[in-house]
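[1] Generate coordinates for the sequence data below:
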Amino acid sequence: MRKLAFWLSLVFVFTIPWETVIESPALGSISRIIGLAMAATWLVALIFARHMRKPRVFHAALCAFVALNAASIFWSANPGATTILILTWFQLLIMALLFWDLYTTRKAVIAALQMYVLGAYVVLGDTLANFFIGNAFYHGRFNATGTSPDDTGVILALALPIAAYLIAFRQSDRFAVPLKILNSLYIPAAFIGIALSGTRTALVVAVPGVLFLVGLVMRSRFSTQILVGLLLIIGTTIVLPRIPAASIQRLETTRSAMESGNLNGRHRLWREGFASFLRHPMLGVGANMFRSINTEHKVAHNSFVSVLVELGLVGLLLFIVTVIIAGIRIFGQPLWDKWLWICIFVGWILGSLTLTWEYRKTTWLFLNLFVVSAATLLDHVNVSPANHRSTRSK
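    As a prediction, this is how the structure comes out:
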C-alpha cells in the first residue's frame with residue numbers, strides 16, 4: 001500500500017501545475033481527486049504498518065498555522081467561506097506528513113521534480129492551444145485554462161531551474177535519454193509560454209532559474225556552451241516575431257511598473273488591507289476573508305499581506321516561521337542541490353509578493369521538498385557537472 005501511495009503521490013505532483021485545467025463541478029480539481037485517493041491509500045498503509053516517520057519541527061509549525069486558520073472560524077464574518085479554506089489547509093497538512101513519510105530517498109525527490117516539469121508541460125501545452133485558437137485571457141495575454149496569466153507564467157518559471165538540474169544530474173536509467181531531451185526542450189519552450197502570458201512577475205521569477213542555468217552551462221564543455229548559445233539565437237530569431245506585440249510590450253514595462261510601485265493597482269488592495277490590519281492587528285479577520293475588506297472584492301495579490309490581514313500578526317509570524325524553517329533546511333545540502341532549492345525559494349518569494357499563493361499546492365510542494373531533500377540527500381557527492389562524469393568513471 002505504501003508503494004501505491006507513493007506512485008499516486010507522483011501522479012499528484014504531476015497534476016499540481018495544471019490542477020485547474022480539468023475540474024469537476026462535483027469533485028473539484030484533478031489534483032484534489034488524485035490527492036484524496038493518495039491520502040486514503042497512505043492512511044490505510046499507516047494502519048497496517050502501525051508506524052509513521054517521526055515529524056520534525058517544520059511539521060509542528062505548519063500544524064500550529066493550520067490550527068490558527070481553523071480557529072479563525074470563530075471570529076470570521078463568513079464562517080462558510082472560512083471553512084472552505086480550512087479544509088484546504090488540512091489537506092495541505094496531510095500532504096506534508098505524507099511526503100515526509102514516503103519520500104525517504106534521493107530517487108524519490110528526483111522523481112517528484114521530474115513530475116513537476118512534466119506537469120508544467122501540460123500548462124505550456126494548454127497555453128499554446130489557447131494561443132493558436134485565439135482564446136486570449138485579455139489584451140493579447142494567454143494562459144492555461146482555469147488559471148490566470150500570472151499563475152501560468154510563474155508555474156512555468158519555477159520549473160526552469162528544475163529542468164536544468166535534471167539535465168545535469170539525473171541518474172542514467174532506461175528513461176534518461178528521452179527525459180533529458182524533454183527537460184532540454186522545456187527551457188526554451190517555457191520562455192515562449194512566459195512571453196505569451198505577458199506576466200511581468202514571471203519574468204522576475206525566471207531570473208534565479210536563468211542564473212542557475214548559466215551556472216551549469218559555464219561549468220560544461222565548451223562545445224555544450226556553443227550549442228546552447230546557437231539554440232538560444234535560433235530560438236529567439238524564430239519565436240520572438242510570433243509572440244503577440246501586446247505581451248511583449250507589457251513585459252517591457254516590468255521595470256517601470258516596479259519603480260512606480262503601482263504594480264497594476266495592487267497597492268490599492270494592500271492599502272485597504274493594512275487599514276483592516278490596524279483594526280484587527282493580532283488575529284485578523286479570519287481565513288479567506290481578504291475579499292470582504294476591500295472595495296474591489298479581490299484577493300490580496302501578496303501572500304504575506306493576505307496572511308497578515310486574515311490572521312493578524314500571530315498568523316504572519318507562524319507562516320514566516322514555517323517558511324523559514326523549510327528554507328533553513330536548504331543550507332548544508334550538496335552544492336548544486338542547495339543552489340537549486342535557493343533558486344526555487346527565491347523565485348517563490350518573488351512570485352508570492354504579487355500572488356496569493358500561501359495556500360497553493362505549488363508552494364507547499366516545494367517547501368516540503370526542501371525538508372525531505374535535506375533528510376534524503378546524504379549520499380549525494382558535492383561535485384560540479386563537469387566533475388560529476390569523471391567521478392563516476394573512476
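[2] what helix or strand is the closest residue to Trp364 other than its chain neighbours on?
    Leaving aside its chain neighbours, Trp364 sits nearest to Leu92 (5.0 Å; criterion: C-beta to C-beta, 6 or more residues apart in numbering). Using the backbone N, CA and C atoms, a C-beta is placed for each residue, glycine as well. Using DSSP states H and E, Leu92 maps to helix 79-102.
[3] The following helix or strand past that helix: which residues count as buried?
    Downstream of helix 79-102, the next assigned helix or strand under DSSP H and E is helix 106-132. Residues of helix 106-132 classed as buried by neighbour count (16 or more other C-beta atoms under 10 Å): 106, 108-124, 126-128, 130-131.
[4] how far off helix 79-102 does helix 106-132 point, in degrees?
    130 degrees (axes from the mean of the first three to the mean of the last three C-alpha atoms, to 10 degrees).
[5] and Val122, what is it in contact with?
    Neighbour list for Val122: 17-18, 21, 144 [criterion: C-beta atoms under 8 Å, 6 or more residues apart in numbering].
[6] quick one: pLDDT of it?
    In this model, Val122 is scored at 96, pLDDT.
[7] can you check Asn382 too?
    Value listed for Asn382 in the pLDDT field: 40.
[8] Please apply the same query to Met52.
    89.
[9] my read: it touches Leu46, true?
    Yes. If you go by C-beta atoms under 8 Å, Met52 and Leu46 touch, sitting 5.7 Å apart.
[10] shared neighbours, the two?
    Asp101.
[11] Looking at these two now, which is surrounded by more residues?
    Leu46 (17 against 13; other C-beta atoms under 10 Å).
[12] Name the nearest residue to Val204, ignoring sequence neighbours.
    Leu350 (5.3 Å).
[13] Now Asn294. Nearest residue, chain neighbours left out?
    Nearest residue to Asn294, sequence neighbours excluded (C-beta to C-beta, 6+ apart): Glu272, at 4.3 Å.
[14] buried set for the one helix or strand the one you found maps to?
    Per DSSP H and E: Glu272 is located in helix 266-279. Using 16+ other C-beta under 10 Å as the test for burial, helix 266-279 gives 266, 269-270, 272-273, 276-277.
[15] what do you get for stretch 13-24?
    For stretch 13-24, burial by neighbour count (16+ other C-beta under 10 Å) applies to 13-21, 23.
[16] Filter the residues you listed down to just the ones in helices.
    Those of the buried residues of stretch 13-24 mapping onto helices are 13-15, per DSSP state H.
[17] Any chance of those residues in CSV with pLDDT and distance to Ala163 as columns?
    Conversion of those to CSV gives the following (pLDDT from 0 to 100; distance: C-beta to C-beta, whole Å):
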residue, pLDDT, distance to Ala163
Val13, 97, 15
Phe14, 97, 15
Thr15, 96, 18
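[18] List just the nearest of these to Ala375.
    Nearest to Ala375 among these: Val13, at 17.9 Å, using C-beta to C-beta.
[19] could you check the distance from the nearest residue to Ile162 once chain neighbours are set aside over to Ala202?
    Distances taken as C-beta to C-beta, 6+ apart put Leu113 closest to Ile162, at 5.0 Å, once the chain neighbours are dropped. Separation of Leu113 from Ala202 (C-beta to C-beta, to the nearest Å): 19 Å.
[20] contacting residues around Asp150?
    By C-beta under 8 Å, 6+ apart, the residues touching Asp150 are 197, 199, 201-202, 354-355.
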